[in-house]
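*Asks:* Structure for the following, please:
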Amino acid sequence: MVCSQLPLADVLPSARPDGGRWQIAWVMDLLGVFAADAAIDILMHDTSGLPAALGVAMRQLFDGDERLRELTADSLARWRTDLRRIMDFRAQVMAELTDEPEVASVLYAALLLYSAYGMEDFDASQIEEMINALVDPANISEAGVRLFPDLPRVLEHAVSTRLLTSEGGSFSLLPGGLPRLLTGDTAATESAARKAVQELTDQRARLADRLMLRAVQEAIDHLETNSFMAFRSMVTSLEDYRHTLPDELGDLVTEVISQFRQFDTYHQVAIDDAKEQVTKPDRFDVAVLLVEIAQKRETRHLRIVVEEREPQSHPVVASRLLVSMAIDNLLSNARRAIMEADAAGGTVLLRVGASNGNTIIDVEDSGPGLPDEVREQILRGEPASLRPGGGRGLPDAKTLLGYYGGTVQAMPEASSLGGAYFRISLPSASTDHSPHS
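*Replies:* Numbers count the residues shown, from 1 in each chain. The predicted model follows:
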C-alpha cells in the first residue's frame, strides 16, 4: 500500500529496472513529495523495480516522525545504511513474495549462491544442492520424502515472483541493486535460508507422517481382508464342525485351533511390527513385479498381458507390497468395469518403460473406458469420478505411491485396447529420486 486506498500493485503492475519511473513520479506527486529524476533512478535501482520491494521501501521511507517532503540521494543513502530498517526490509520483501516454504527455500538458496559464492547464474541442480547443504541430515531423514519431488514446478513458481529470472534452463536473480540489498549480510542470509529450509523440512515430515499412516492403514486392511480374516473364518468353521470329526482328526484340528488362538493373542504385536515392514523401501525390478502380479491376478475372465517398452531392467526403491497394492487397486477397477460391460471378460495391458528418470507403468483395459464428461474433467485438471459407482482404486493408488514420490493419473486418451488408460510414475532407482528410508 502506498496509502490506505492505493495498493502499489495497482500503480506498478509491470515495473522493471528499465521502466516504471513515471509511475513512481506520479505516486510521489500524489503524496506531495518532491523527487528528482536521479533519486527515482536510485530507488528503482535499489529495488530492481520489483513492486513488492518498492512497496516496502516506500512505506519505510514515508514512515517517520516527520513526513518526508523530498526524496533525495542522501535520504536513500541514509535508508540503505540503516541496519535495522534494511533487516526489516529483507524480511518484509521475502514475506510478500511468498508464504510457501518450498518457494522461499528456492529464493533464499539463489540469494545465498549469489552472496556467498558470487554466482550470478545457476541451474536447478545447483539450487537443490544448496538447499540440501542447508538441511540438518537428522531432520531430512525424518521427513521420509524428497524436499522437492517436483522441483521444476517449484522453480516455475519461484520465477513467477519475479525475484528470480529464467532463460534456457539457467536461473539468475533480478538485475539491479535488490539482490545486494537482500544479501548485504551473508550470515543473516544463511540464517534466514536455514529457517526457510527447516520449515520446509518440517512440512514435508508432517506430510510423510500423514501419508505413512494412511499407507499403513491401507496395507493392514489389505492384509486383514485377504489373509488373516480368511484364515480366522476357516478356523471358526473348524470349531463349529470339530465335534463331527473322528477322534484323531479332531485332536489335530484342536491343536490347529489352539495354535491359531495363540497367534491371535499376539495379533496386535504382529500388526505393529508389520507397520515398519510394510513401508520399508526395497530395491526391486518393476517388470518382474508386473509378471508376478499378472500370474496371480489373471483369471479365465481377465487376461493380463505384460509388455516392456525396452528390454532392460526397471529398478525402483519403494515398498514392494505397497506398489503391488496400488497396481492391484487399478486392476480391481478394470476387472469390475470389464465384467459390467461384458460377462465374457476382457484384457488388461501392463506396460513398463522409462522416461526422464522415472519408471512408467501404463495400465490399460478393454472395458468401456471413461465417459466423455469425465474425460473432459480430467483434461481441465478437475477431480472426477472415474466410473459410475466406481471404487477407490485411483485415490488409494495415489496414496500408496505418493509415499515414495510416485504419481498415478488417468490419461485423457483412450487405451490401445479401447478402454481406460492409467499411468503410474515412480522415481527410478538409478536417479536421485529414491526415498529416504
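*Asks:* Report all helices and strands that the helix or strand where residue 153 lies contacts.
*Replies:* With elements taken from DSSP states H and E, the one containing residue 153 is helix 151-160. Under the contact criterion of 3 or more CB pairs under 8 Å, 6 or more residues apart in numbering; DSSP states H and E, helix 151-160 touches helix 101-117, helix 124-133, strand 164-167. For glycine as for every other residue, the C-beta is placed from the backbone atoms N, C-alpha and C.
*Asks:* by contact count, what packs against the helix or strand following the last one?
*Replies:* The reference is to strand 164-167. Proceeding N to C from strand 164-167, the next assigned helix or strand is strand 170-173, under DSSP H and E. With contacts defined as 3+ CB pairs under 8 Å, 6+ apart, the packing partners of strand 170-173 are helix 101-117, strand 164-167.
*Asks:* Pull the distance from strand 170-173 to the chain's centre.
*Replies:* Distance of strand 170-173 from the chain centroid (CA atoms, centre = their mean, to the nearest Å) equals 23 Å.
*Asks:* go on, stretch 87-98?
*Replies:* Distance, centroid of stretch 87-98 to centroid of chain: 25 Å (CA atoms, centre = their mean).
*Asks:* and the helix or strand where residue 26 lies, what other elements does it pack with?
*Replies:* Per DSSP H and E: residue 26 is located in helix 21-31. Contacts defined by 3+ CB pairs under 8 Å, 6+ apart place helix 21-31 against helix 8-11, strand 34-35, helix 37-47, helix 51-62.
*Asks:* If we go by neighbour counts, what in it is buried?
*Replies:* For helix 21-31, burial by neighbour count (16 or more other CB atoms under 10 Å) applies to 23, 24, 27, 28, 31.
*Asks:* Pick the one among the residues you listed closest to residue 284.
*Replies:* Residue 284 has its nearest neighbour among the buried residues of helix 21-31 in residue 23, at 59.7 Å by CB to CB.
*Asks:* out of the helices and strands packed on strand 170-173, nearest to residue 198?
*Replies:* Here helix 101-117 is closest among the helices and strands packed on strand 170-173 (CB to CB), at 8.8 Å.
*Asks:* Show me what the mean pLDDT comes to for the closest one.
*Replies:* If you average the pLDDT over helix 101-117, you get 87.
*Asks:* And stretch 60-80, by the same measure?
*Replies:* 79.
*Asks:* Also stretch 328-345?
*Replies:* The model assigns stretch 328-345 a mean pLDDT of 78.
*Asks:* Next: stretch 313-320.
*Replies:* In the prediction, stretch 313-320 has an average pLDDT of 87.
*Asks:* can you give me the end-to-end distance of that stretch?
*Replies:* End-to-end span of stretch 313-320 (CA to CA, to the nearest Å): 16 Å.
*Asks:* Repeat that for stretch 356-374.
*Replies:* Stretch 356-374: ends 28 Å apart by CA to CA.
*Asks:* So which bits of that stretch are buried?
*Replies:* 358-370, 374.
*Asks:* before we move on, back to that, may I have the helix holding residue 153 as CSV, with CA atoms only?
*Replies:* Below are the C-alpha coordinates for helix 151-160, written out as CSV (Å, rounded to 0.1, in the frame of the first residue of the first chain):
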residue,chain,number,x,y,z
LEU,A,151,11.4,-29.2,-8.5
PRO,A,152,10.6,-27.8,-12.0
ARG,A,153,7.1,-26.7,-10.7
VAL,A,154,8.7,-25.0,-7.6
LEU,A,155,11.2,-23.2,-9.8
GLU,A,156,8.4,-22.0,-12.1
HIS,A,157,6.6,-20.7,-9.1
ALA,A,158,9.8,-19.0,-7.8
VAL,A,159,10.3,-17.3,-11.2
SER,A,160,6.7,-16.0,-11.1
